[in-house]
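Q: A predicted structure for the sequence below; I have some questions about it.
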Amino acid sequence: MTIPVAMTVNGKPASGKVEARTLLVQFLREHLGMTGTHVGCDTSQCGACVVHVDGRSVKSCTMLAVQAEGAKVMTIEGLAESAEKLHPMQEAFRENHALQCGFCTPGMVMSAIDMVKRHNYQLDEATVRRELEGNLCRCTGYHNIVKAILAAAPAMKSAGV
Amino acid sequence: MYDFHYHRPKTLADAVNLLKGKDEARPMSGGMTLIPTLKQRLARPSDVVDLGGIKELAGIKVEGNNVVIGGMTRHADVASSADVKSAIPALAYLAEHIGDPQVRNRGTIGGSIANNDPAADYPGAVVGLNATVTTNTGKHTADSFFKGLFETALSDGELVTSVSFPKAEKAAYMKFPNPASRYAMVGVFVAKTAGGVRVAVTGAGPCVFRVKAMEDALAKNFSSDAIKDIKVPADGLNSDIHASAEYRAHLVNVMARRAVDAANK
């Protein structure tokens, strides 16, 4: 049985027909072809699938597509203004070598942006490390990711994003 | 995941009606346990009734001496609520330490206590503060609500609408989290309220439980020294790859003393 579903993804209307059991991440990747959001563990542990739903970071492998009906979804694809102008968080990840294989990066970036905004652009290292509890990186380690997030917080504030 | 019929009612009454008469219907609040359970095909509901669209179930208000939290209130909202932080800081602290930020953005208090996972944090606060659980059909005291492993006093089709927590004179929650999942291997909620002292332990046994001997000792002298020699027996406690029953029994005493010290700060 299919159900029509409609939401806003990265500012544009997106709709489709899904099964009740279709996960939000499946809808994004398989129906909309937006493969920037990754599936790492599929058990809500790793955070590779983090997207924003109505401004909050969520694990899109643990939410049904139908639960996002009418919601505003933001994915990694919606962050950069253009290929030349990245979001300050993406830029900070590049500058600080905060990725190696890159698999966890989309989720890290989405969690990081939510974290910076919730803490009103003011973070210390301990807070960043605690806030990254829901995101796993298995190659770079967390050191440069933490550095990037701390660097991005003031950059986001001055860019007004 | 097996497929199911999905419903998203806008009112509590509609939700109750949808659940009625369907043997295999399941309510879903935040879905942080139900969706992983469905993925593993450990459950096969015919219908899932999503409570996420019911506005009347979410929200926090202070009513006299109580903080009343709607069943669909997300952990993140309890953790960041100015009302909760000022009335019962230990409750905000507990909510802030459930799972990870993404789980806290979805998971709800009603879902957590209705599921009654032995390692969940909220049952500790509900029993520790002697909260009252309100449902669409009535009220439950904290001590009568949690029945056993994943078992509560809720009947079929009965939904948690709110939980009312009395303000505490002193309270604190300390947990030893599983390093991977952040579930409580042992969590102890200690509270001194107008109704007396309570010590509620979650994570250690099949279901949240109170430690009467600690409560009596703390009622006389609310200091960690007063309970340092009070041990809980390991018999019947959880034992798994993360911790043996003996280790959990030991942690109960350690976490209880830390909670008392934190409550006294």
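A: Noted; the coordinates are in hand.

Q: going by C-alpha atoms from here, please, whenever you check contacts or count neighbours.
A: Noted.

Q: quick one, domains of the chain?
A: Assuming you mean chain A. A:2-77, A:88-159 (automatic domain parsing).

Q: wait, chain B was what I had in mind.
A: The record's domain parsing of chain B by automatic domain parsing lists B:5-51+B:58-166, B:170-264.

Q: now the end-to-end length of the shortest one.
A: Distance across domain B:170-264, first residue to last, is 7 Å (Cα to Cα, to the nearest Å).

Q: now the helix ranked longest in chain A - C-alpha only, CSV.
A: In chain A, assigned by DSSP state H, the helix with the most residues is helix A:143-159. The C-alpha atoms that make up helix A:143-159 are tabulated as CSV, following Å, rounded to 0.1, in the frame of the first residue of the first chain:
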residue,chain,number,x,y,z
HIS,A,143,40.2,15.8,17.1
ASN,A,144,40.0,17.8,13.8
ILE,A,145,36.3,17.6,13.7
VAL,A,146,36.1,19.3,17.1
LYS,A,147,38.6,21.9,15.9
ALA,A,148,36.5,22.5,12.8
ILE,A,149,33.3,23.0,14.8
LEU,A,150,35.0,25.4,17.2
ALA,A,151,36.3,27.4,14.2
ALA,A,152,32.9,27.3,12.4
ALA,A,153,30.9,28.7,15.3
PRO,A,154,32.1,32.3,15.1
ALA,A,155,32.2,32.1,11.3
MET,A,156,28.6,31.0,11.2
LYS,A,157,27.7,33.9,13.5
SER,A,158,29.4,36.5,11.3
ALA,A,159,27.9,35.0,8.2
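
Q: run through the residues of the stretch 51-200 of chain B sitting next to chain A.
A: By Cα under 8 Å from any Cα of the partner chain, the part of the stretch 51-200 of chain B that sits against chain A consists of B:52, B:99-103, B:105-106, B:181.

Q: which of these count as buried?
A: A residue is treated as buried here by neighbour count (16 or more other Cα atoms under 10 Å in any protein chain shown); on that basis the buried members of these are B:52, B:99-103, B:105-106.

Q: and those as TSV, adding pLDDT and secondary structure?
A: What follows is those, written out as TSV (pLDDT from 0 to 100; DSSP: H, G, I helix; E, B strand; the rest coil):
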residue	pLDDT	secondary structure
B:G52	96	helix
B:G99	94	coil
B:D100	95	coil
B:P101	97	helix
B:Q102	97	helix
B:V103	96	helix
B:N105	98	coil
B:R106	98	coil
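
Q: any chance of these in JSON lines, with distance to A:A112 too?
A: Converted to JSON lines, these look like this (distance: Cα to Cα, whole Å):
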{"residue": "B:G52", "distance to A:A112": "25"}
{"residue": "B:G99", "distance to A:A112": "17"}
{"residue": "B:D100", "distance to A:A112": "13"}
{"residue": "B:P101", "distance to A:A112": "11"}
{"residue": "B:Q102", "distance to A:A112": "11"}
{"residue": "B:V103", "distance to A:A112": "15"}
{"residue": "B:N105", "distance to A:A112": "14"}
{"residue": "B:R106", "distance to A:A112": "17"}
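
Q: ok, these vs B:V186, which is closest?
A: Nearest to B:V186 out of these is B:G99 (Cα to Cα; 14.3 Å).

Q: element containing the closest residue to the closest one other than its chain neighbours, please.
A: Nearest residue to B:G99 in three dimensions, chain neighbours excluded: B:R182, at 5.2 Å (Cα to Cα, 6 or more residues apart in numbering or on different chains). Using DSSP states H and E, B:R182 maps to neither a helix nor a strand.

Q: check B:V190 too.
A: With DSSP H and E as the criterion, the answer for B:V190 is strand B:184-193.

Q: report the distance from the helix or strand following that strand to the chain centre.
A: Toward the C-terminus, strand B:184-193 is succeeded by strand B:196-202 as the next helix or strand (DSSP H and E). From the chain centre to the centre of strand B:196-202 is a distance of 13 Å (Cα atoms, centre = their mean, to the nearest Å).

Q: still on that earlier bit, nearest to B:L218, of the domains of chain A?
A: Go through the domains of chain A one by one with Cα to Cα and the one that ends up closest to B:L218 is domain A:88-159, at 32.4 Å.

Q: tell me the mean pLDDT for the closest one?
A: Across domain A:88-159, pLDDT averages out at 96.

Q: dihedrals phi and psi, the one residue in the stretch 151-265 of chain B that gets nearest to chain A?
A: Chain A sits closest to B:S181 of the stretch 151-265 of chain B, with a gap of 7.6 Å, by Cα to the nearest Cα. When quoted as degrees, to the nearest 10, the phi and psi of B:S181 stand at phi -90, psi -20.
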